[in-house]
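1. here's my sequence, what's the structure:
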Amino acid sequence: MWVDKLLKVEGGYTNDPTDMGGATKYGITEKTAREEGYTGQMQDLSIDIAKTIYKRRYWDKLRLDEIAISSEKIAREMGDTYVNTGIGAQFLQRLLNVLNHQGKDYPDITVDGAVGPATISAFRSYLVPRGPEGESVLLAGLNALQANRYIELAESKETQEKYIYGWLLQRVVKEA
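-> Next up is the predicted model:
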């Protein structure tokens, strides 16, 4: 299951002053936990509450059940990327727009991070005729954009350099 792997990568409670997320447990930042209604101490956040937050705030928001019907791998990658970078479906939308043969296969979609009927339709129109090979190409593209995002973060905030090796290893290399 997507969330179980995510929880393993994210680990337990941390409060590193150089981490942009601040106090986190299971990868859930205190800010996110509060926005989701959690009022307790971050150290006490239960794994069940973390799973509920992940499902509602990330998986459901990106309509990943609908993506998973066609590709469980792409759904998992999108969920993980959204959790770790804050970027929703923009990477998928950008890739779909450049892989549509200048609109001949399906129309361009708005790159807004919201997964709606147009994104789902474009995704299916891209994937169905291409099958497993198309899925691999899309997954590689998503990982490339994710890696680029990590590099940009480390370049813009030197304090983030200490995390980039782990981000690339756990989120890009092991996903590929």
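2. OK, contacts around residue 118?
-> With contact set as C-beta atoms under 8 Å, 6 or more residues apart in numbering, residue 118 has these partners: 107, 109-110. Every C-beta, even on glycine, is put in place using the N, C-alpha and C of the backbone.
3. please identify the helix or strand for residue 149.
-> helix 117-156 (DSSP states H and E).
4. what residues of that helix count as buried?
-> 118-120, 122-124, 126-127, 135, 138-139, 141-143, 145-147, 149-150, 153-154 (16 or more other C-beta atoms under 10 Å).
5. next SSE after that helix?
-> helix 161-167.
6. for that next one, output the C-alpha coordinates as PDB.
-> Output in PDB follows, covering the C-alpha atoms of helix 161-167 (Å, rounded to 0.1, in the frame of the first residue of the first chain):
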ATOM      1  CA  GLU A 161      21.800  20.500   0.800                       C
ATOM      2  CA  LYS A 162      22.100  18.100   3.800                       C
ATOM      3  CA  TYR A 163      18.800  16.400   2.700                       C
ATOM      4  CA  ILE A 164      19.300  16.100  -1.100                       C
ATOM      5  CA  TYR A 165      21.200  12.800  -1.100                       C
ATOM      6  CA  GLY A 166      18.400  11.200   0.900                       C
ATOM      7  CA  TRP A 167      15.700  12.800  -1.200                       C
END
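7. domain parsing of the protein, as residue ranges.
-> 1-60, 66-176 (automatic domain parsing).
8. residue 106 versus the closest residue to residue 124 other than its chain neighbours, what's the distance?
-> Leaving out its chain neighbours, the residue that sits closest to residue 124 by C-beta to C-beta, 6 or more residues apart in numbering is residue 70, at 5.7 Å. Distance, residue 70 to residue 106, by C-beta to C-beta, to the nearest Å: 14 Å.
9. run through this protein and note the low-pLDDT ranges.
-> Filtered on pLDDT under 70, the chain yields the residue ranges 1, 175-176.
10. mind doing that once more with 90?
-> 1-12, 16-22, 27, 83-88, 160, 163, 166-167, 170-176 (pLDDT under 90).
11. residue farthest from the centroid of the chain?
-> The C-alpha centroid of the chain is most remote from residue 104, which lies 28.1 Å away (C-alpha atoms, centre = their mean).
12. who has more neighbours, residue 70 and residue 106?
-> A count of neighbours by other C-beta atoms under 10 Å puts residue 106 above the other of residue 70 and residue 106, at 18 against 15.
13. isn't the more buried one up against residue 100?
-> Yes. Counting by C-beta atoms under 8 Å, residue 106 touches residue 100, with 5.3 Å between them.
14. list the residues that contact both of the two?
-> By C-beta under 8 Å, 6+ apart, the residues touching both residue 106 and residue 100 are 122, 125-126.
15. cheers, nothing more for now.
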